[in-house]
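A.B. asks: following is a predicted model, sequence given first.
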Amino acid sequence: MAKTIGIDLGTTNSCVSVIEGGRPVIIPNDKGARTTPSIVAFTKDGDRIVGEAAQRQAVVNSQRTISSVKRSMGTNWNVNIDNTKYTAPEISAMILRKLRQDAENYLGETITDAVITVPAYFNDAQRQATKDAGRIAGLNVKRIINEPTSAALAYGLDHGEPQKIMVFDLGGGTFDVSIIEIGDGVIEVLATSGDNHLGGDDFDERIAEYLCGYIEFKHGIDVRKDLSAMQRIKEASEQAKKDLSAAETANISLPYLMQGKTDMVHFETVLTRAKFDELTRDLVERTAGPVMTALNDAGLAPSELQKVLLVGGSTRMPSVQEKVFALTGIEPSKDINPDECVAQGAAIQADTLSGTGTGLLLLDVIPLSLCIETAGGVATKVVERNTTLPVRYSQVFTTASMFQKSVRIHVVQGERPMAKDNKTIGRFNMKGIKKPAKGIPQIEVTFDVDTNGILKISAKDLTTGKEQSITVTDTDKMSDAEVEQAIRNAELYAAHDRMRQEAMELPSIGKLAANEAETAMKKVEDQLTKEEIQLIKKYVLELRVLCKQAKPDKMTAEEVGIFKEHIDRAMNASANARKLAKEIAEEEATTEETKSLDE
């Protein structure tokens, strides 16, 4: 039975895990690392690279390198590369395909099923976009699971005793806090809250802005106008943030940063933790609101919590840990790895869905209320936030004017009192209503939110008893046709990627084939004709010239085919030579045996 993997698709880094021997195991990537940078780059030769390789070339190729795409999921964001537009799900799919390939290499089998995690505070459009990304990457997404809940699964595997815990998840681009109750084989989310635009990226940006201002003051130049220099500053800012999690000071050295007014700018400074905390104090303070909201929604006081789990690399910052302690009075637990626990929990859920897992029952909640816009632009709540999933709810509406033939239903998600201030999920036109006086038609709108937190809406005219067709407009979701086209594009690229990988291996294979052919020929040279020897030498020489001149990163499919033909010719020549050598050896053995008998 094929394995189902668990994937933490992160803003900064992603991680993949699988269950082996009843335990979640982190799958290393092709570089041996346990996490993979969520970065995609397009080379000038048309290739796509993902992970560490994309990260390394970002300085010299900043305009064609995409990072933190997770923050754009569920929006109409896109990037134009070589006259081709790529959406956030398509870029995310490239990261997922890389993780899938790493898992297949590790496990030695084809992977088709996965559980993918998302921030608890992701709305319907963002969840659907994540599921679309999985489909484009060739994955059957068996479940979308919230990141804090996934971390609780990883924790609950070894700590199943009844307790209430808070999961404080501050990642690269998002912040979530969930209150979770672990019972006897049950993990139930009581409440969740968060901020989809608060994460480590924001802390990096504060350092970068500080450095830009300092450079402008010291050297009189605006470094923001130089993309390559800005990329170096961003990378230095991220590294300084990491250094300050363990030390009181961080050295920032950027030689040859950019050309100044008279000479080259070499920048160097020391950033103290005190200054960093000053620059980011308001960001840390922003975590307090969601924490208190989640506790209030769960009906708990901080003193009723037994544990606080820190998830996400950004929780390593001392100022964040101090804030958690100030809010809860509990020293945060270090029982789980903040970079890996989300992927591990996803693997546990994947194993459970495959029917071979621990049998832990997971009860999650909808993070944001679902509302319908009613008279005056008011957002009337239909499904309240923190309702346990799955949920199905129906509400009957009627017409607002005389002889109205259609009803326009605007569905939004969020907690603001006015519809315009929330996230539009869709606008639905229900047509073909009979024309009686206002208030008489009865239109039942049904909301279905599945275990992934993804919404489906249907409508029925109770007057006729018939389901009515619904047309969805004004939404950022990809259509089925767009997803299918993206899948085809991804498969085409996968074929190109396989060809490129094959091209990279051809020179070394060619050298081995040439050496083998030459060695085999020398063993039977006395039995070959002059023409046969010259032909083999010709094959070997041509193959060695190809190996020497080859540029695998620029080879076309036709050139790969020609290269393979030359390798096949040399290998066939060596095979024929080996066959001849074997025949000669057998003949000599037979002659020796006959001679022995005669004697």
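C.D. replies: The structure has been received and is ready for your questions. Numbers count the residues shown, from 1 in each chain.

A.B. asks: now Ala137: phi and psi?
C.D. replies: With angles defined as degrees, to the nearest 10, Ala137 sits at phi -80, psi 0.

A.B. asks: actually Glu322, not the one I typed
C.D. replies: The phi/psi pair for Glu322 (degrees, to the nearest 10) is phi -60, psi -40.

A.B. asks: domain assignment for the chain?
C.D. replies: Annotated domains of the chain cover 4-198+286-363, 200-283, 370-477, 482-598 [automatic domain parsing].

A.B. asks: remind me which residues of the stretch 301-450 of the chain are low pLDDT?
C.D. replies: 357-359, 399-406, 430-441 (pLDDT under 70).

A.B. asks: mind listing the helices for it?
C.D. replies: In order along the chain, the stretch 301-450 of the chain carries the following helices (DSSP state H, counting those that start in this stretch): 318-328, 341-353.

A.B. asks: turn the domains of the chain into TSV, columns for mean neighbour count.
C.D. replies: C-beta: built from backbone N, CA, C; applies to glycine. Output for those, formatted as TSV (neighbours: other CB atoms under 10 Å):
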stretch	mean neighbour count
domain 4-198+286-363	21
domain 200-283	17
domain 370-477	16
domain 482-598	15
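
A.B. asks: Ser458 sits in which helix or strand?
C.D. replies: Assigned by DSSP states H and E, Ser458 belongs to strand 455-461.

A.B. asks: pLDDT on that strand, on average?
C.D. replies: Averaged over strand 455-461, pLDDT sits at 82.

A.B. asks: partner strands of that strand and their direction?
C.D. replies: Partners of strand 455-461 in the sheet, by DSSP bridges, are strand 443-449 (antiparallel), strand 466-467 (antiparallel).

A.B. asks: who wins for proximity to Gly185 among the helices of the stretch 301-450 of the chain?
C.D. replies: Of all the helices of the stretch 301-450 of the chain, helix 341-353 sits nearest to Gly185, with 11.0 Å by CB to CB.

A.B. asks: packing partners of that closest one?
C.D. replies: Judged by 3 or more CB pairs under 8 Å, 6 or more residues apart in numbering; DSSP states H and E, helix 341-353 is in contact with strand 4-8, strand 13-20, strand 23-26, strand 113-118, strand 140-146, helix 147-156, strand 307-311.

A.B. asks: 6 Å instead, please
C.D. replies: strand 4-8, strand 13-20, strand 23-26, strand 113-118, strand 140-146, helix 147-156 (3 or more CB pairs under 6 Å, 6 or more residues apart in numbering; DSSP states H and E).

A.B. asks: those: lowest mean pLDDT?
C.D. replies: helix 147-156 (a mean of 91).

A.B. asks: that one: what's the following helix or strand?
C.D. replies: Defined by DSSP H and E, the subsequent element after helix 147-156 is strand 163-170.

A.B. asks: strand partners (parallel or antiparallel) of that following strand?
C.D. replies: strand 175-182 (antiparallel), strand 307-311 (parallel).

A.B. asks: got those as JSON lines, with distance to Val407 columns?
C.D. replies: Listed next are these as JSON lines, based on distance: least, CB to CB, whole Å:
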{"stretch": "strand 175-182", "distance to Val407": "36"}
{"stretch": "strand 307-311", "distance to Val407": "43"}
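
A.B. asks: between the ones you listed, which one is closest to Arg135.
C.D. replies: Of all the strands paired with strand 163-170, strand 175-182 comes closest under CB to CB, at 24.3 Å.

A.B. asks: and the angle from the closest one to helix 147-156?
C.D. replies: Put simply, strand 175-182 runs at 40 degrees to helix 147-156, going by axes from the mean of the first three to the mean of the last three CA atoms, to 10 degrees.

A.B. asks: can you give me how far strand 175-182 is from the chain middle?
C.D. replies: 22 Å (CA atoms, centre = their mean, to the nearest Å).

A.B. asks: contact partners of that strand?
C.D. replies: Residues from elsewhere that reach strand 175-182, judged by CB atoms under 6 Å, 6 or more residues apart in numbering: 119-121, 148, 152, 156, 163-169, 188-195, 198, 290-291, 294, 298.

A.B. asks: quick check: angle from it to strand 113-118?
C.D. replies: 120 degrees.
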